[in-house]
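>>> quick one, structure for this:
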Amino acid sequence: MDCCNHQCEACHKHKERTPEEMKALINRLNRIEGQVRGIRGMLEKDAYCVDILVQVAAANSALNSFSKELLAQHFPEDFLDIIIGGEDVQTPKPSPEGLLLAIRQLHATKAETLYIGDSTVDAETAQKAGVDFAGITHGMTTAEELKKYPHKKIMSSLEELLEREPLPAAAPPKNISVRRIALLLLLLAAFAALFCFLLLI
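The predicted structure follows:
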C-alpha cells in the first residue's frame, strides 16, 4: 500500500522552525552541496582516489552534523548517547559492524540489546550481530516480510514497545482420581497412627 495515495496524516506532518533554525540548516545544506559539487569536479578531472575519499569523508561528516542538528530540534541535548554514521564503519548494513560498534561504545552486551529497524536489511543486520530484533512498519517493508526473520515483535509504532504482552493462560488443574485421594488419606492416617504409637512408648 502506498500511503501517499491515501492522504494519511503521517505523509503530511510539518515541523515549525524559527528563522534562526531554518537559516542554520540551510547554511549547512549549502556547504554540503558545495562539497558534493567539489567531489564531482574532482572525479571529472581524474583526481587521485585518496584525495576524493578525503572529501567524501568530509561530506559525510557534514551530513552527520546536519542530522544531529535536526535531531537537536526534536529531542533534549542528552537524549541520544551516540550516533553511528557511514563514516564510522568500513562496511554498511547488513554487515553488523556499525551495530557491534554501538554496543561496544555503550558498554552493553548482546543480551541487553534490542535492535529496532524497518527493513529486511535491518533484520539481517540484527541476525548477523546475534542480537534481538524488533521490526517496525514505518518504511516500505511489510510486516509479512519482516516476520521471515527472527524477531521479538513486529509493530506499526514505537508505542507498541511499551505494551505488555498478555500473560499465558493458566494451565487447567490436573484431574486427580478418587483412588489417589483415598491412597493419600490412608498414608496420612498411617503416619498419624505411627506418631501416636511413638508418643505412647
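>>> could you say which helix or strand holds the nearest residue to residue 85 once chain neighbours are set aside?
Nearest residue to residue 85, sequence neighbours excluded (C-beta to C-beta, 6 or more residues apart in numbering): residue 64, at 4.4 Å. Any C-beta I mention is one placed from the backbone N, CA and C, and that applies to glycine too. Element membership for residue 64, per DSSP states H and E: helix 49-72.
>>> same check on residue 121?
Going by DSSP H and E, residue 121 is in helix 120-129.
>>> kindly confirm my reading that residue 94 is in a strand.
No. Counting by DSSP: H, G, I helix; E, B strand; the rest coil, residue 94 is not found in a strand; it is coil.
>>> how about it, nearest residue that isn't a chain neighbour?
The spatially closest residue to residue 94, leaving aside those adjacent along the chain, is residue 124, at 3.9 Å (C-beta to C-beta, 6+ apart).
>>> and residue 30, what element?
helix 19-44.
>>> got a list of what the residue most central in space within the chain touches?
The centre of the chain sits closest to residue 116, judged by C-alpha atoms, centre = their mean, with a distance of 1.7 Å. The contact partners of residue 116, by C-beta atoms under 8 Å, 6 or more residues apart in numbering, come to 122, 133, 134, 135, 136, 158, 161.
>>> which of these fall in helices?
residue 122 (DSSP state H).
>>> how far away from the center of its chain is stretch 83-92?
Computed by C-alpha atoms, centre = their mean, to the nearest Å, the chain-centroid distance of stretch 83-92 equals 17 Å.
>>> who touches that stretch?
Here stretch 83-92 makes contact (C-beta under 8 Å, 6+ apart) with 57, 60-61, 63-64, 67-68, 71, 95, 97-99, 101-102, 105.
>>> quick revisit: now the buried members of the contacts of residue 116.
Among those, those classed as buried by 16 or more other C-beta atoms under 10 Å are 122, 133, 134, 135, 136.
>>> that older thread, which neighbouring elements make contact with the helix holding residue 121?
The contact analysis (3 or more C-beta pairs under 8 Å, 6 or more residues apart in numbering; DSSP states H and E) places helix 120-129 against helix 97-105, strand 114-117, strand 132-136, helix 143-146.
>>> packed most tightly, which of those would that be?
strand 132-136 (a mean of 22; mean count of other C-beta atoms under 10 Å).
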